[in-house]
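> Quick one, what's the 3D model for this:
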Amino acid sequence: MWGILVALISGALMSIQGVFNTEVTKQTSLWVSTGWVQLSAFLVCILAWIFTGRDSISVLWQVENKYTLLGGVIGAFITITVIQSMGALGPAKAAMLIVIAQLAVAYIIELFGMFGVDKQPFEWRKILGMAIAIVGIVIFKWQK
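Next up is the predicted model:
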């Protein structure tokens with residue numbers, strides 16, 4: 001139950017953040033807005049680190065698969081692409097397409113056991129679920 005609640009909160013926060021970031025971008029620029037998002041997130045993390053425990057930062061260099069340290073770089077590109085898609089499509093359409101892309105890529109990662117994730121067997125019902133979601137986007141976007 002906890003995982004479901006956290007996932008729902010995460011999705012809601014992503015949509016709100018996307019709208020906020022798009023509005024800031026309209027008044028500044030894409031790179032200023034994205035930089036602010038990353039800097040403010042960094043500051044929050046520093047404060048959380050100070051108040052919740054001070055694990056050594058040096059343990060980062062002991063991470064086995066160094067490519068996994070690129071999460072922040074990917075995060076910057078996520079911010080940029082969310083801003084641009086919400087600006088072009090609106091929050092609802094952009095969020096639906098983002099979620100479909102997340103589902104498809106997550107399923108591919110599980111299917112092939114990529115990046116250290118346990119490999120999962122192919123299941124038609126998961127493909128059907130994604131197809132239904134895509135049909136939902138078509139219906140949502142459908143105009144008379």
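
> From here on, just use CA atoms for contacts and neighbour counts.
OK.

> So for stretch 17-28, mean pLDDT?
When pLDDT is averaged over stretch 17-28, the result is 93.

> So which bits of it are buried?
For stretch 17-28, the buried set under the neighbour-count rule, 16 or more other Cα atoms under 10 Å, comprises 17-19, 21-22, 24-25.

> Closest one of the residues you listed to Ile98?
For these, the minimum distance to Ile98 (Cα to Cα) is 11.3 Å, reached by Gly18.

> after the helix or strand harbouring the closest one comes which helix or strand?
Assigned by DSSP states H and E, Gly18 belongs to helix 2-27. Scanning forward in sequence from helix 2-27 by DSSP H and E, the next helix or strand is helix 30-52.

> Past that following helix, which element shows up next along the chain?
Defined by DSSP H and E, the subsequent element after helix 30-52 is helix 71-89.

> could you check the angle helix 30-52 makes with that next one?
130 degrees (axes from the mean of the first three to the mean of the last three Cα atoms, to 10 degrees).

> export helix 71-89 as CSV, just CAs?
Extracted C-alpha coordinates of helix 71-89, given in CSV (Å, rounded to 0.1, in the frame of the first residue of the first chain):
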residue,chain,number,x,y,z
GLY,A,71,21.0,9.9,-12.9
GLY,A,72,21.5,13.6,-12.3
VAL,A,73,22.5,14.2,-15.9
ILE,A,74,19.4,12.3,-17.1
GLY,A,75,17.4,14.3,-14.6
ALA,A,76,18.4,17.5,-16.3
PHE,A,77,17.3,16.2,-19.6
ILE,A,78,14.0,15.0,-18.0
THR,A,79,13.4,18.5,-16.8
ILE,A,80,14.1,20.0,-20.3
THR,A,81,11.9,17.5,-22.1
VAL,A,82,9.0,17.8,-19.7
ILE,A,83,9.1,21.6,-20.0
GLN,A,84,9.1,21.4,-23.8
SER,A,85,6.4,18.8,-24.0
MET,A,86,4.1,20.5,-21.6
GLY,A,87,4.6,23.8,-23.4
ALA,A,88,3.8,22.2,-26.7
LEU,A,89,1.0,19.8,-25.8
